[in-house]
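Q: sequence-free structure coming up:
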Ligand code: MRU
């Protein structure tokens, strides 16, 4: 399963706002189309929006060549537009800065655009390889039989392929472990109920959807063996920004003595931020909370707040699973080591 495809000058985006009811592919040929797809959550998940943005830059360069404009100017405009789409996932900025670095040395003309295209393709390929490595490291933490609780969607749909936290679940299953998944529905966008459930059904892994507010009750019953989630940005001390609701899960897991793991590639680590307080948290349109599937269910005059992410302090995290290995507490030291290239 894939969320993105590159086909001869077109970025194909599987429209995740329509899943699982309809598999509809968008054909993007301009920077603006890619930017709007990211803003509208048609493609979402930290690594996937990084890959989409990289191809957005390629499209900007290709249109510039067609119009006889300078690539360097077009790349600058593309990066500015794409960087303004969503603020929290650092993979977006990581991918854009990687493309900018290539543009700086690529020069102008058709060959320069082709070089940017090769870079975006490499970035997409690498994301899949990285996720498979995360999966292998993470699977070591999964017992032979495990009831795993996860939040949001961190699978193939949220990445170039395979997934991060869901990739760990996939890898455990590939190693012959008996895994069952509690799928948080993940209000208000239902990434769990719609997307994670869809991936699990396709993989034939047993998944049970629960409302977000059910998670702590299941932990109290002893029905959850571990929690694993993804990340949108990891600060230098190991604090993690992820989908709203993650922090509450981490608190509940610690209270019940249940391991709480985060799986993320090193492209999600932001060494420039000392701790999670500095991570920009996206606030989305309140209508996404006031409505369910486009139907308003709150009374006229009611207002809502839609924080898309929260920050889990490193002290609540039992392991950070990366493609380079598993980081264990004290996480501030472990993350520093990773950022220095010692892991
Ligand atoms: O708002 P979204 O759907 O883009 O949020 C996605 C998440 O929070 C994921 O957990 C995170 O990006 C990791 S995806 C491998």
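A: That came through, no problem. Note that the coordinates shown come from a computational prediction; the quantities given were computed from them, not determined experimentally. Residues are numbered from 1 along each chain as shown.

Q: How about residues contacting the helix or strand encompassing residue 37?
A: Secondary structure from DSSP states H and E places residue 37 in helix 31-39. For helix 31-39, the external contacting residues (Cβ atoms under 8 Å, 6 or more residues apart in numbering) are 11, 13, 15, 26, 28, 43-44, 49, 52-53, 55-57, 59-60, 63, 77-78, 81-82, 84-86, 92. Glycine gets a C-beta too; all of them are placed from N, C-alpha and C.

Q: So which of those residues are in strands?
A: Among the contacts of helix 31-39, DSSP state E puts 11, 13, 26, 28 in strands.

Q: In ChimeraX, how would I select the buried members of the contacts of helix 31-39?
A: In ChimeraX, a selection of the buried entries from those looks like this (16 or more other Cβ atoms under 10 Å):
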select :11,13,15,26,28,43,44,49,52,53,55,56,57,59,60,63,78,81,82,85,86,92
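
Q: For the helix holding residue 37, buried residues please.
A: For helix 31-39, by 16+ other Cβ under 10 Å, it's 31, 33-35, 37-38.

Q: Go through the residues you listed and name the one nearest residue 215.
A: When the buried residues of helix 31-39 are compared for distance to residue 215 (Cβ to Cβ), residue 38 wins out at 28.4 Å.

Q: near the ligand, which residues of the stretch 201-343 of the chain?
A: Listed as neighbours of the ligand in the stretch 201-343 of the chain under the rule Cβ under 6 Å from any ligand atom: 230-232, 242-243, 308.

Q: In this structure, which residue sits nearest the ligand?
A: Going by Cβ to the nearest ligand atom, the ligand is nearest to residue 230 of the chain, at 2.9 Å.

Q: Now for the residue nearest to that residue when sequence neighbours are not counted, how many residues are close by?
A: Using Cβ to Cβ, 6 or more residues apart in numbering and skipping residues adjacent in sequence, the residue nearest residue 230 is residue 154, 3.5 Å away. Neighbouring residues of residue 154 were enumerated by other Cβ atoms under 10 Å; the total is 34.

Q: Assign residue 154 to helix, strand or coil.
A: coil (DSSP: H, G, I helix; E, B strand; the rest coil).

Q: Which strands and helices lie in contact with the longest helix anywhere in the chain?
A: The residue-count maximum for a helix in the chain (DSSP state H) belongs to helix 110-139. Helix 110-139 is packed against strand 4-6, helix 46-66, helix 71-83, helix 90-106, helix 165-174, strand 260-263, strand 319-322, strand 325-327, with contacts defined by 3 or more Cβ pairs under 8 Å, 6 or more residues apart in numbering; DSSP states H and E.

Q: next helix or strand past it?
A: That would be, after helix 110-139 and using DSSP H and E, strand 145-150.

Q: that older thread, so is the helix holding residue 37 next to the ligand?
A: No: under the criterion of Cβ under 6 Å from any ligand atom, helix 31-39 makes no contact with the ligand; the nearest approach is 8.9 Å.

Q: what about that helix, distance to the chain center?
A: Centre-to-centre, helix 31-39 and its host chain are 17 Å apart (Cα atoms, centre = their mean, to the nearest Å).

Q: what's the angle between that helix and helix 71-83?
A: Interaxial angle, helix 31-39 versus helix 71-83 (axes from the mean of the first three to the mean of the last three Cα atoms, to 10 degrees): 20 degrees.

Q: Please work out the average pLDDT along helix 31-39.
A: What helix 31-39 shows for mean pLDDT is 98.

Q: Leaving out the residues flanking it, which one is nearest to residue 27?
A: Residue 27's closest residue in space is residue 10 (Cβ to Cβ, 6+ apart), at 5.1 Å.
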